[in-house]
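>>> the following block contains a protein sequence and its predicted model.
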Amino acid sequence: MKPFANEPVLELRRAPVRAQLADAIAARDAAGPLAVPVWIGADTRAGDALVSTDPGRPDRVVARAAAATEAEVDAALATAAGSRAWSATPAARRADVLLAAAAWLRERRLEVAALEVRECAKPWPEADGDVCEAIDFLEYYARGAIELEAGAELLQVPGERNTLSYRPRGVAAVIAPWNFPVAIPCGMTAAALATGNAVLLKPAEQAPGCAYVLVQALREAGVPPEALALLPGEGEVGAKLVADPRVHTIAFTGSSAVGQEIVRTAAETPPGQRHLKRVIAEMGGKNCVIVDADADLDEVVPALVRSAFVYAGQKCSAAARVLCHEAIHDPLVERLAGAIAVLEVGQADRLDIDVPPVIEQDAQERVGRYAAEAQRTGRLAATAESVPDAGWFATPALATELPEDSPVLQEEIFGPLLAVERVRDVEEACDRVDASPFGLTGGLFARNPETVDLVIERTPVGNLYVNRAITGAMVARQPFGGNRLSGTGTKAGGPGYLLQFVEPRVVSENTMRHGLVV
Amino acid sequence: MIEDGIDDALLEARLLEVGERLAGALPAGMRNPLKAADDKAMELASQDAELKAALFRFVDVVPACRSLDDLARHLTGFLGEVQEPPPPVAVAMRMGNSRAGRAALGAAAATGVRHMAHRFIVGESPRAALGTLRELWRGGIASSVDLLGEATVTQSEAQRYAERCDDALATIAGAACDWPERPALEQDGAGALPRANLSVKVSALTPLLRPDAPERGKHDAADRLRGLLRRARELDAHLHIDMESLDSRDAVLELVLELLAEPEFRDGPSAGMVLQAYLRDSPATLDTVLDWTAGAGAGRAHPLTVRLVKGAYWDHEIVEAAQHGWSAPVFDVKADSDRNFEALTQRLLDHRPALRVAIASHNLRSVAHAVAYDELRGGDSRDLELQVLRGLGDPLGAAIAAQGLRVRTYCPVGDLVAGMAYLVRRLLENTSNESFLADQAKGVPLAELLAPPR
């Protein structure tokens, strides 16, 4: 097997590459709404309890999905719990299946990306990046599972043979978000499958279409029907999975509130449950970027704009707060404001936009509330100049001069609103970062190596980015995941991730019999 | 055999002659800018990659430092990462231990960087640069002024840059009236050549250049560029539109060709663009330009000037491509760029008078090749311009001028803050082990310097 390499994103700076996109989106529109079933074993049931629409044109239906009933969730659990073949399949064979799924996605990458553009208003470069990341997860975990199957080396002394091997934990419930609608469900699912677990995938209600495509890829690649079920639905589907004693592992990416609820529920051991559940949770953040006095604003401004406004700030890694040294606070705010004022807000299928709509009306209203709050207690230093009215568009904005306890600075907004705070020095910035319950991503712009060392030492975040934008983690290059209330500290796309889905077993065998080593 | 019958051997023989002539004309005592400069630091840096990195990071951060103490702390911070520091570095590190030491170190370092900057940057403003421009002109060397500036991220910055360009055009054109006559610099076969010459960057004229959406930046920059073209025409100045990284190449190329084809600019001004020979697809770009000269751009009063360069963003292009998993848009072997440069030189020279040609290189072989090819084609030497960079190519420029050939020096203007990105790129070039200047400094024999790229 070739060593792992990231799937290259489209080189959209080349005109012929860009030219393919229009056809892909036209094909998606011509195909009409996707029918997404509840899919358990060989059985599918269509329905239209869930409808996903284009956030930029809410009258355009992208997918109609059945919502899994309580009985269906139960049936899916029974099927998964009864499946043995997949866990008994050697890792190399499972890896082949994942690689086949990667190939399936690779062949259809524009088609899948076009679906993301419509269903989640993910702009082309981001949608393409998402499909590539999904491919990366499949390729990376396939290789990782083969390595893991070899077990780990233990100290051996004469007369005993010690082995450590890893076995699948059992049934994994994967509860996925909409913001990386193929890559994140794919990563969690692929990790569980690679290590021999059965998976019940509960996608976000906003993005059932994307999850359906993922399950198609895996099923057509050869994942046995009983090892992978698709259970679209609202929160109660996830809640039922989390509480069920047949579930061993819960892989969740989403809000902090839901994540903490999952951790609490999963801690219970109802009668009949003979194991402790393991929760892998990736939750919210309030990501801070520290800007020291020696930073080069020519680099800082574009990197901040990128970190805060690409995909309308709807990445868990997105920048929310800038903690800027007072010596360059004013010029930073002035230049940042000017850069935000020219942001083009528009439909995700256009390459000439900077900021797409947010996912739904609730999100639009939430961003509006925080912007109003920022205006009331601080100052809106900039807002983008033209924002379409049809569709769930939120106005990109820059907030400054806020009181330290402002909700704008404390709560996750998950939208295109960036706040700048003035700090005396980097130490004070570190204090503020340290005061936050979140610890997902962080950024630093500073050029003195001693300052960089200081911030590395003091920052609790899971992913710190130095002198660059703070989004766009790549599989195997930036294993991703938060600490504190942002997550369980597991690193998706990193070396230790698969360990979350396996049980280690150690065997120590006496090889001495009557003084003879056998 | 070359296209219209110029024999390779004949060309090589003539090239050698021209090269020897030019080498012989290099001003005595300053045959190499590296030797001429008294900056020990750069010489040390070219031998030690870590030290080079440390010094570049320091040069880069100088304008952002707030005090001598701050400067010294940065310097010792960077130098502290050098594994095996040479003796001068150890001295600097010791100085960094006390407040007084840091003040002295900071002052020395700031002076050093300023000194380096002055080699490459002719003045803080166009007005301050006039003395140098006039002096060059008197010595038989034309100039093109480039206004250094911070990145443009807002509309007001784009506007300010356009205003600075406008002012530079007026300042230079106003002063150039009084310059003495230099017929070799003012006339070629296609007509008069403006004395005032300004190079501008599209990336500074708009905050909206997006690699994935070239139309946006083009559209936004168009009005400001039109304004500058009008101003240049009014002042009888030449406006040259620079090229930067591949991310903006299509936008810049299309913008220049579209604007210059507009009826309003048929009668002027004299204008030009840049072709980067390190790009693998540069021959196709030249096709586009040639099609344009025969199509939309035909019949303009001033032929389009094409400045052929190797390209200054090589490391950037390589890294960008590697990080994205793309194939590199530039030749990864320097000899391939050099060969392509020669092939493009010949095509450009063959397509006069539809084009004016400026060959910009410090590689004696590349320059001699252009001159030799032109001579063998029986060209009028007035129809070939050679260009060098201030601070790197001054001796070569003087040698070219001494041969009676037309030469222009690219003269960056701006303050230290604005100039830092430019300065770092130049220093990188200056200390690259692959550069022609480095070979020259090492005392590589002339015959080898003039040998075909391999």
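Thanks, I have the structure now. Residues are numbered from 1 along each chain as shown, chains lettered A, B, ... in the order given.
>>> residue numbers of the stretch 301-450 of chain A in contact with chain B?
Applying C-beta under 8 Å from any C-beta of the partner chain, we find that the stretch 301-450 of chain A lies next to chain B at A:301-302, A:305, A:327, A:335, A:337-339, A:341-342, A:344, A:351-352, A:447-450. Glycine gets a C-beta too; all of them are placed from N, C-alpha and C.
>>> those in helices, which ones?
Counting by DSSP state H, these place A:301-302, A:305, A:327, A:335, A:337-339, A:341, A:449-450 in helices.
>>> name the SS class of whichever residue of the stretch 351-454 of chain B sits closest to chain A, please.
Minimum separation of the stretch 351-454 of chain B from chain A (C-beta to the nearest C-beta) falls at B:Ala421, amounting to 7.4 Å. Three-state call for B:Ala421 (DSSP: H, G, I helix; E, B strand; the rest coil): helix.
>>> mind listing what the nearest residue to it once chain neighbours are set aside touches?
Distances taken as C-beta to C-beta, 6 or more residues apart in numbering or on different chains place A:Asp298 nearest to B:Ala421, at 7.4 Å, with adjacent residues excluded. Going by C-beta atoms under 8 Å, 6 or more residues apart in numbering or on different chains, A:Asp298 touches B:150-151, B:153, B:421.
>>> cool, A:Ala63 as well?
A:33-36, A:50-52, A:119, A:208-209, A:212.
>>> go again with 7 Å.
Going by C-beta atoms under 7 Å, 6 or more residues apart in numbering or on different chains, A:Ala63 touches A:33-34, A:36, A:52, A:119, A:208-209.
>>> please report phi then psi for residue 223.
Went with chain A since none was named. Here is the backbone geometry of A:Val223 (degrees, to the nearest 10): phi -70, psi 130.
>>> chain B is the one I meant
When read as degrees, to the nearest 10, the backbone of B:Asp223 gives phi -70, psi -40.
>>> where's it relative to A:Arg477, distance?
41 Å (C-beta to C-beta, to the nearest Å).
>>> for A:Glu326, same thing?
34 Å.
>>> again with A:Arg458
A:Arg458 is 24 Å from A:Arg477, where distance means C-beta to C-beta.
>>> one more: A:Asn510?
Distance, A:Asn510 to A:Arg477, using C-beta to C-beta: 45 Å.
>>> between these two, who's got more neighbours?
A:Arg477 (13 against 10; other C-beta atoms under 10 Å in any protein chain shown).
>>> need the contact list for that one.
Applying C-beta under 7 Å, 6+ apart, no residues qualify as near A:Arg477.
>>> near chain B, which residues of chain A?
By the rule C-beta under 7 Å from any C-beta of the partner chain, the part of chain A lying against chain B is A:5-6, A:8-9, A:11-13, A:15, A:18, A:125, A:293-294, A:296, A:298, A:301-302, A:327, A:335, A:338-339, A:342, A:351-352, A:447-450.
>>> A:Leu409 belongs to a helix?
Yes: judged by three-state DSSP, A:Leu409 forms part of a helix.
>>> number of residues surrounding it?
For A:Leu409, the count of nearby residues is 21 (other C-beta under 10 Å).
>>> confirm for me that it is in contact with A:Leu402.
Yes: assessed by C-beta atoms under 7 Å, A:Leu409 is found in contact with A:Leu402 at 5.7 Å.
>>> which residues do the two both contact?
Common neighbours of A:Leu409 and A:Leu402, counting by C-beta under 7 Å, 6+ apart, are A:Ala419.
>>> picking that back up, tell me the pLDDT at the residue of the stretch 351-454 of chain B closest to chain A?
pLDDT for B:Ala421: 77.
>>> excluding chain neighbours, give the residue nearest to residue 332 in space.
As the question left the chain open, I've gone with chain A. In this structure, A:Leu332 finds its nearest non-sequential neighbour in A:Cys324, 5.3 Å apart by C-beta to C-beta, 6+ apart.
>>> wait, I meant chain B there
Closest residue to B:Asp332 apart from its sequence neighbours, by C-beta to C-beta, 6+ apart: B:Ile318 at 6.9 Å.
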